[in-house]
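A.B. asks: dropping the sequence and predicted coords here.
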Amino acid sequence: MTQRPQRNLILAGIVSGLLLLSACQPAAERPLPTLMLLPSAAPGQPAIAAARATAIPIFPTATVPPTLTATASLTPLPTDSPTQTPTQTPVPTLTATASATPTATVDTGGPLYRAEVAQTTTLHAGPGITYASPGVLNVGEVVQVQERNATGIWVRVQRPDAGTAARGWVMSAHLALNPELRFSRLPVNRSVPDADVSQFSTEVIAPLYRTPIIPLIAPAMQAVYRRGQSLGNQAGSVTKVGDSVTANPIYLNPMRFGNHELGAYDYLDATIRFFGPSLTEDSVAARKGLSSFGVFDPLNAARRCNANEAPLTCEYRLKRPSVAFIMFGPNDIWRMTAEEFRGQMRQIIEVSLDQGIIPVLTTFSTDPRRRSWEPSVGFNLALLELAQEYQVPLMNLWLASRDLPDYGLEGDGIHMKNYGYNQIKFDAGLETRFGTNLQNLLAIRTLDEIRRTIIQPGS
């Protein structure tokens, strides 16, 4: 009668021992969830190292190559209030080689450079509204156009009368220019910054004002481009990666039509014709609601993609671009922290460099009157830091949009305001009123810089 209880105790001890051994099983042997596997950075180390070779070390972690790891693709839901605050780390101005944009030594005192003021406008000491004003130009006044900034949105003018108040910078759209004047014949001044940073007392926002609107292209991008050519990328191919702000069909896509109206912006014609034909197909890596997490999730891929292929790698395989415009943030600020965003953007950059594609990061416009302001500043600062670390181009749409009504945004405070034309149109001053037109001008100007500096140097 006493043997059965003893036998039960022995069996119970054996079962307990087995459970204990199972619980102590090494973690490497346990199955882990693999909802989304991000590509490995190992094959791209040569390209990534080249991109970092000329970077100025700023942050302690900048020299440690990040390891891409498996990350769950479930996108966090938006929260009722932002939890992100902007970083306090000041970001230095990006350094790069000199611009390849042609400049001319010309006499701007002739009738070709004479213009009439079309609307009362404020003169500024530099090419942006952050600069102090030495005076006002009234409708009907005649001025001489002397030079332009990197784009031509701002020009420096002088009235016939002498004195400091008689000269300064104005938006070219506020002038009735000579119909024969072309910006290719106007000297370019890139020595004057796009903003007067001294106007801002806080170090948090200053880097966004300090960073140029149009990037100078770092020498490291030459190695990236050459790698892409060896992998079969197309020199004249460009693509878009991002959410609905990037997927907007009026953003860059009308370059393919060849019916652009440039007005004085004639110098962009060759670049539009060079890259335009590559935009016949919409990008599978740019669509409404896409996040910097979701671009790696095969569940978000289009039908044209292979099984288990993420939208980013699918688009790069289909288009074989030499350049990719990348902008995330307006959606991501409600879905992740700035550090998570930084990590995802880092992976996008590394995948691009690995495949020999020049990634052009883009800051995004925000309205300081909205609750998205503070987190958006932090996210935009993260983009500046990544561009500096990898020496990749960054188009500062945030800064350029400060000069536009409502910062170039639609009423939702997220999307850039469209301008009503399904074509590239820079002959009516729309770039000073509509965010999408400004976005097009800056992107094409950045492409022009890349084409002249990297793809077709000396052209």
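C.D. replies: Received it, and whenever you're ready, just let me know what you need. Numbering: from 1, shown residues only.
A.B. asks: nearest residue to the middle of this protein?
C.D. replies: The centre of the chain sits closest to Thr362, judged by C-alpha atoms, centre = their mean, with a distance of 1.2 Å.
A.B. asks: tell me if I'm right that it and Ala324 touch.
C.D. replies: No: counting by C-beta atoms under 8 Å, Thr362 stays clear of Ala324, with 10.6 Å between them. All C-beta atoms are positioned from the backbone trio N, CA, C, and that covers glycine.
A.B. asks: number of nearby residues for Arg452?
C.D. replies: Arg452 has 20 neighbours, counted by other C-beta atoms under 10 Å.
A.B. asks: that older thread, now do the residue nearest to the centre of the chain against Leu252, distance only.
C.D. replies: Shown here: Thr362 relative to Leu252, a distance of 11 Å by C-beta to C-beta, to the nearest Å.
A.B. asks: give the residues shared as contacts by these two.
C.D. replies: 325, 443 (C-beta atoms under 8 Å, 6 or more residues apart in numbering).
A.B. asks: can you map out the strands along the stretch 351-459 of the chain?
C.D. replies: 358-362, 394-395 (DSSP state E, counting those that start in this stretch).
A.B. asks: could you dump these to TSV with mean pLDDT and distance to Leu386?
C.D. replies: Formatted as TSV, the strands of the stretch 351-459 of the chain follow (pLDDT from 0 to 100; distance: least, C-beta to C-beta, whole Å):
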stretch	mean pLDDT	distance to Leu386
strand 358-362	98	7
strand 394-395	98	8
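A.B. asks: for the nearest residue to the residue nearest to the centre of the chain once chain neighbours are set aside, give the beta-bridge partners.
C.D. replies: Using C-beta to C-beta, 6 or more residues apart in numbering and skipping the chain neighbours, the partner closest in space to Thr362 is Met327 (3.9 Å). Beta-bridge pairing of Met327 under DSSP bridges involves Gly242.
A.B. asks: got a list of what Met327 touches?
C.D. replies: Residues in contact with Met327, defined by C-beta under 8 Å, 6+ apart, are 241-243, 245-246, 361-364, 397.
A.B. asks: can we see that at 10 Å?
C.D. replies: 240-243, 245-246, 251, 286, 292, 360-364, 383, 395, 397, 439, 443 (C-beta atoms under 10 Å, 6 or more residues apart in numbering).
A.B. asks: burial check on Glu180, number of neighbours?
C.D. replies: Glu180: 9 neighbours (other C-beta under 10 Å).
A.B. asks: you'd agree it is up against Ala115?
C.D. replies: No: in terms of C-beta atoms under 10 Å, Glu180 does not count as a neighbour of Ala115; the distance is 11.6 Å.
A.B. asks: returning to that earlier point: shared neighbours, Thr362 and Ala324?
C.D. replies: Counting by C-beta under 10 Å, 6+ apart, the shared contacts of Thr362 and Ala324 are 240-242.
A.B. asks: can I get stretch 308-316 in CSV? Just the C-alpha atoms.
C.D. replies: What follows is stretch 308-316 as a C-alpha-only set of coordinates in CSV (Å, rounded to 0.1, in the frame of the first residue of the first chain):
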residue,chain,number,x,y,z
ASN,A,308,8.2,38.1,-49.4
GLU,A,309,9.8,41.1,-51.0
ALA,A,310,9.6,44.4,-49.2
PRO,A,311,8.4,47.6,-51.0
LEU,A,312,11.8,49.2,-50.8
THR,A,313,13.8,46.4,-52.2
CYS,A,314,11.1,45.7,-54.8
GLU,A,315,11.2,49.2,-56.1
TYR,A,316,14.9,49.2,-56.3
